[in-house]
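>>> this is a predicted model, with the sequence first.
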Amino acid sequence: MAASCALLGAGAARSQETDMAPPDSGLLEDWSVDSALAYYHEDGRIQAIEPVVDVAKVFADGQALNLNVTFDALSGASPNGALTSRTAQTFASPSGKPKHQYTTAPDQLPVDPDYEDDRIAVGGNWTVPFTRVDQVSVGGKLSAEDDFFSATVNASITHDFNQKNTTLSFGVDNEFDSIHPIGGAPVPGGDYELAEKQAGGKTKDGVGVLLGVTQVMTRNWLSEFNISIDRFHGYLNDPYKFTSIINSAGGTTGYEYENRPDQRTRKSAYWENRIGWSSRVSTALSLRYMSDDWGVRSDTAQLHLRWTFANRDRYIEPTIRWYRQTAADFYMPFILNTEKPTTGHESSDSRLGAFHALTYGVKYAQKLPGLGSRPESEISIRAEYYQQTFDERMPVPAGLQGLDLYPGLKAVLVQIGWRF
Amino acid sequence: MISRLNLALAILASVAVAGCSSLGVKPWQRDVLAREEMQLDSDPLDAAIDDHLYFSKEASSGGRSFAGGGCGCN
């Protein structure tokens, strides 16, 4: 397995290693196929269906080509950012559909009930070894939604040394996004009631750098360590989110479109360890620390435990993930009309709040005879349960006490997979 | 005060330097490392689907790879 130490930090390049199929002369026989169909469901909110297909080929000279297609169909109810209230709240839908308004009942979290979006993404990666221990990889991805288009290119270079026990990798990527919000892009901080919108689309772009080292520690221990930094600039608001303005009694007096800074720099450190404890038991433990100049700090720990059956034709893999983040400096679930933010920046997007999340999952996979000349195929099913719980709650006026202003999130994911 | 990221950078440099000397195995000792489950990207689609989920629900992304999402969901 030269593979393990040749792996890159860059995700696109990583996928080359495990998708290898024996070089062959047939039209389809020499491609490996990895496919999955995922169903995601949030408690009372969004649901999504996501099929993914990834094909890869390794050429006789060591070059590798990887292509993938992803489709997302989302529907359901999406929080609009407004605060739960003691009274009914009526909002204008940004959809532009005949049904222009929706009303949220008292004591309920305001959600746009008609959220709907489809996304299709295509990507590719090409890896070329140019010496026995060096290789370059270039890739790209295009993603399109009704109101969003994204184009990403990336390139990385890796160098093996120490008898291929150590691999250094360096990668860069550049993302360009074009946003055309339905109904127009709100004026950041603008009055929702006046529907203050700007003409034309918005853009944002980002540049990222990733430096990594992969090290074979012992005969059964592989370690990877990455440092990455990325910077995004441009329109970073969620155009469909706004913040409630409330009075000292807790009554909603209006709404204001969110107003985030127009640039963001994130830094992260990532450490993953794969250890084979025995012929049948292995673990993958990853730790991540991230911070950004919006004030968000996060810690993530994830553990996969794979238990392989005696004849290695199937395995079961429980997973647990723990995540915690602090709130962005400008996160505010509501604005007191006597305390407008001095910076002008504000967002009630709960994804910028302080919370922790737990994921529990399990996967079962069964090896099957291969198709054609392939040595084997694999079918799998996995399920995950994800739950977010808020950690900080702002003091609220008496009129709002007793309401569940931070409902968190509960979601399940079920996925079937087939690779051959 | 040394930030956690600076500390991480120091660890990265140390591992890289140390890796040149004492760590590692001989080519004939890679039997365990050759197993599918020991590959850093043994389940790329699982990771991609999970990353997309977390990207859309949390303020953090990336680390294992680049942080960009290519998605209007966050």
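Looks like it came in fine. The structure presented is a predicted model; accordingly, all values stated were derived computationally and were not measured. Numbers count the residues shown, from 1 in each chain, chains lettered A, B, ... in the order given.
>>> what about the helices in the chain?
Picked chain A for this. For chain A, the helices defined by DSSP state H cover A:2-6, A:11-18.
>>> wrong one, I was asking about chain B
Here chain B has its helices, by DSSP H, at B:4-19, B:44-57.
>>> ranking those by mean pLDDT, which is last?
When the helices of chain B are ranked by mean pLDDT, helix B:4-19 comes last with a mean of 65.
>>> beta partners for A:Lys57?
A:Leu65 (DSSP bridges).
>>> same check, this time on A:Asp173
According to DSSP bridges, the residues that bridge with A:Asp173 are A:Asn154, A:Gly208.
>>> spatially central residue for chain B, please.
B:Arg64 (3.8 Å; Cα atoms, centre = their mean).
>>> so how far is chain A from that residue?
Taking Cβ to the nearest Cβ, to the nearest Å as the measure, B:Arg64 falls 6 Å from chain A. All C-beta atoms are positioned from the backbone trio N, CA, C, and that covers glycine.
>>> quick check: that residue touching A:Ala269?
No: applying Cβ atoms under 8 Å, one finds B:Arg64 not in contact with A:Ala269, separated by 11.2 Å.
>>> by mean pLDDT, show me the worst of the helices of chain A.
Mean pLDDT is lowest for helix A:2-6 out of these, coming in at a mean of 35.
>>> and residue 72, what is it in contact with?
Using chain A here. Residues counted as contacts of A:Asp72 (Cβ atoms under 8 Å, 6 or more residues apart in numbering or on different chains) are A:48-50, A:117-121.
>>> that answer is for a different chain, and I need it for chain B
B:Gly72 sits next to A:117, A:119, A:145, A:147-148, A:150, A:177, A:179 when contact means Cβ under 8 Å, 6+ apart.
>>> close to chain B, is stretch A:383-393?
Yes: under the criterion of Cβ under 8 Å from any Cβ of the partner chain, chain B is reached by stretch A:383-393 at A:384, A:386, A:388.
>>> most centrally placed residue in chain A?
When chain A is reduced to its mean C-alpha position, the nearest residue by Cα atoms, centre = their mean turns out to be A:Arg351, at 12.1 Å.
>>> that one is in contact with B:Ser60, isn't it?
No: using Cβ under 8 Å, A:Arg351 is not in contact with B:Ser60; the gap is 9.8 Å.
>>> my read: A:Ser228 touches A:Asp173, true?
No: in this structure, A:Ser228 is not within contact of A:Asp173 by Cβ under 8 Å, at 9.8 Å.
>>> who touches both of these two?
The contact sets of A:Ser228 and A:Asp173 overlap at A:208, A:210, B:66 (Cβ under 8 Å, 6+ apart).
>>> can I have stretch A:244-253 written out in CSV, keeping just the CAs?
Extracted in CSV, the C-alpha atoms of stretch A:244-253 (Å, rounded to 0.1, in the frame of the first residue of the first chain):
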residue,chain,number,x,y,z
SER,A,244,-36.4,40.4,14.7
ILE,A,245,-36.4,43.8,16.3
ILE,A,246,-38.1,43.6,19.7
ASN,A,247,-39.2,46.1,22.3
SER,A,248,-38.5,45.9,26.0
ALA,A,249,-41.7,44.0,26.5
GLY,A,250,-40.7,41.3,24.0
GLY,A,251,-43.0,42.4,21.3
THR,A,252,-41.7,42.3,17.7
THR,A,253,-41.7,45.8,16.2
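>>> how about it: buried residues?
Buried residues in stretch A:244-253, counting neighbours by 16 or more other Cβ atoms under 10 Å in any protein chain shown, are found at A:244-246, A:250-252.
>>> low-confidence stretches in the stretch 101-250 of chain A?
For the stretch 101-250 of chain A, no stretch is flagged by pLDDT under 70.
>>> can you map out the strands along it?
A:101-104, A:111-129, A:134-145, A:148-161, A:166-179, A:185-186, A:197-198, A:202-218, A:221-234, A:242-246 (DSSP state E, counting those that start in this stretch).
>>> show residues contacting the third one.
What it means is strand A:134-145. Outside of strand A:134-145, the residues that reach it under the criterion Cβ under 8 Å, 6+ apart are A:6, A:8, A:10, A:12-13, A:16, A:62, A:66, A:117-130, A:149-160, A:171, B:70-72.
>>> direction included, what does it pair against?
Each strand that pairs with strand A:134-145, with its direction, by DSSP bridges: strand A:111-129 (antiparallel), strand A:148-161 (antiparallel).
>>> CA atoms only: put the first one into PDB for me.
Spelled out, it's strand A:111-129. C-alpha atoms of strand A:111-129 as PDB (Å, rounded to 0.1, in the frame of the first residue of the first chain):
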ATOM      1  CA  VAL A 111     -39.900  29.100   9.000                       C
ATOM      2  CA  ASP A 112     -40.500  29.600   5.300                       C
ATOM      3  CA  PRO A 113     -42.700  26.600   4.600                       C
ATOM      4  CA  ASP A 114     -42.100  26.600   0.800                       C
ATOM      5  CA  TYR A 115     -38.300  26.200   0.700                       C
ATOM      6  CA  GLU A 116     -37.300  24.300  -2.300                       C
ATOM      7  CA  ASP A 117     -34.000  24.000  -4.200                       C
ATOM      8  CA  ASP A 118     -32.200  21.600  -6.500                       C
ATOM      9  CA  ARG A 119     -28.500  21.400  -6.900                       C
ATOM     10  CA  ILE A 120     -26.300  19.700  -9.400                       C
ATOM     11  CA  ALA A 121     -22.600  19.500  -9.100                       C
ATOM     12  CA  VAL A 122     -19.900  18.000 -11.300                       C
ATOM     13  CA  GLY A 123     -16.300  17.600 -10.400                       C
ATOM     14  CA  GLY A 124     -13.100  16.000 -11.600                       C
ATOM     15  CA  ASN A 125      -9.500  15.500 -10.600                       C
ATOM     16  CA  TRP A 126      -6.500  14.400 -12.600                       C
ATOM     17  CA  THR A 127      -3.300  13.200 -10.900                       C
ATOM     18  CA  VAL A 128       0.000  12.800 -12.700                       C
ATOM     19  CA  PRO A 129       3.100  11.300 -11.200                       C
END
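>>> many thanks, we can stop here.
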